[in-house]
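Enquirer: what follows is a predicted structure for the sequence shown.
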Amino acid sequence: MPCFPFGFFFAWGPFWMKKILLVAVVVFLVVGLSSYWRARARCATTLTKQQVAHLRTHYTQEELTYFQQVAFGNDLGTLSPTIHRWNRPRVTVRIMSACESAERREVVRVLQDLNHISRSTQFVLGTYAAPDLKIYLVPKREISRLFAKHSANPHTLDANGLFGFETSACGEIVSATVAVANNLDLAGHKEAIIREELAQSIGLPKDTKRYAKSVFSSNRQIIIQDPDHTYDQFATEFLPIDQKVIDILYNSGIPINTEASDFTAQVLTQ
């Protein structure tokens, strides 16, 4: 196993070289950290009175409460409890794996539903060389490989679908990946997972048990009553409240990087 290059200099280099290298490392860390925190400071935001009034006027308390439950942080505890979303008019999307025509049609249908709701960002499917949002429809066993850095987490080891996104320092989503198992047996299950993971990948990353057939319930609450007719038992459509949650994120003007505590204190507290 090769040694880290700095080790050679510290072990064998002259004293002056060690000092220069140490100073360089310290300067690099200080500059990097200070740049990061300056960027975070520039990103700090608080809801204005006008934004609070708009949210309270255009959405019900139940819609705002549901939004608060699914929009801040994630179930793994690895994401800051702030607003994240795409902040561009056009997001390019590509299916990166081979897929059946029915799977492609379902992706198209979900993207069309998202585009119907969102007025600020449109999701455009194509064969882009460097898409913003990548979709993989693969056997279940391959999903954890696509998300290898999270594979030690028990939530990801047996997942039928996963999503992940990267953000700027200010919380703007800059790239995203969605993976869905293509070997699910029950009719409607794969369609529901495609819809769930895509909806969460645009900035609504948390699950909740508030509505069993919401796409944000992760389908874990659904009890299959009739195994021969399962399509309509899964969350294969956006509920009206799901649509409202997406509408809040992309159409209400709520700022990226808004903190959950600020939203709760100003919008939900009567």
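Expert: Happy to help now that I have it.

Enquirer: only C-alpha atoms, please: export stretch 186-204 in PDB.
Expert: Output in PDB follows, covering the C-alpha atoms of stretch 186-204 (Å, rounded to 0.1, in the frame of the first residue of the first chain):
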ATOM      1  CA  LEU A 186     -46.300  -6.500  -7.400                       C
ATOM      2  CA  ALA A 187     -48.000  -4.300 -10.000                       C
ATOM      3  CA  GLY A 188     -47.700  -0.700  -9.100                       C
ATOM      4  CA  HIS A 189     -44.800  -1.100  -6.700                       C
ATOM      5  CA  LYS A 190     -42.100  -0.100  -9.100                       C
ATOM      6  CA  GLU A 191     -44.100   2.800 -10.400                       C
ATOM      7  CA  ALA A 192     -44.700   4.000  -6.800                       C
ATOM      8  CA  ILE A 193     -40.900   3.800  -6.100                       C
ATOM      9  CA  ILE A 194     -40.100   5.800  -9.200                       C
ATOM     10  CA  ARG A 195     -42.500   8.500  -8.200                       C
ATOM     11  CA  GLU A 196     -41.300   8.600  -4.600                       C
ATOM     12  CA  GLU A 197     -37.600   8.700  -5.300                       C
ATOM     13  CA  LEU A 198     -38.000  11.400  -8.000                       C
ATOM     14  CA  ALA A 199     -40.200  13.500  -5.800                       C
ATOM     15  CA  GLN A 200     -37.700  13.300  -2.900                       C
ATOM     16  CA  SER A 201     -34.700  14.000  -5.200                       C
ATOM     17  CA  ILE A 202     -36.000  17.500  -6.000                       C
ATOM     18  CA  GLY A 203     -35.700  18.600  -2.400                       C
ATOM     19  CA  LEU A 204     -38.300  16.800  -0.300                       C
END
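
Enquirer: which of the residues in that stretch are buried?
Expert: Neighbour counts over stretch 186-204 (16 or more other Cβ atoms under 10 Å) mark 187-204 as buried. The way it works is simple: take the backbone N, C-alpha and C, and place the C-beta from them, glycine included.

Enquirer: tell me the confidence at the residue lying closest to Thr258 once chain neighbours are set aside?
Expert: Excluding its sequence neighbours, the residue lying closest to Thr258 (Cβ to Cβ, 6 or more residues apart in numbering) is Ile83, at 4.4 Å. pLDDT recorded at Ile83 is 96.

Enquirer: so what's Ile83 up against?
Expert: Taking Cβ atoms under 8 Å, 6 or more residues apart in numbering as the contact definition, Ile83 lies against Ala71, Phe72, Gly171, Gly203, Leu249, Ile254, Pro255, Ile256, Asn257, Thr258.

Enquirer: now do the strands in the stretch 51-200 of the chain.
Expert: Using DSSP state E, counting those that start in this stretch, the strands of the stretch 51-200 of the chain run over 90-95, 122-125, 133-138, 161-167, 173-181.

Enquirer: mean pLDDT lowest where, among these?
Expert: strand 161-167 (a mean of 92).

Enquirer: now do the same contact list for Ile173.
Expert: Shown in contact with Ile173 (Cβ under 8 Å, 6+ apart): His84, Arg85, Trp86, Asn87, Phe165, Glu166, Thr167, Ile202, Gly203.

Enquirer: could you turn the buried ones of those residues into a PyMOL selection?
Expert: Buried members of the contacts of Ile173, defined by 16+ other Cβ under 10 Å, are picked up in PyMOL with:
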select buried, resi 84+85+86+87+165+167+202+203
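
Enquirer: can I get the contacts of Ile173 in TSV with distance to Tyr136?
Expert: Formatted as TSV, these follow (distance: Cβ to Cβ, whole Å):
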residue	distance to Tyr136
His84	21
Arg85	22
Trp86	19
Asn87	24
Phe165	14
Glu166	16
Thr167	20
Ile202	17
Gly203	20
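
Enquirer: sweet, I'm off.
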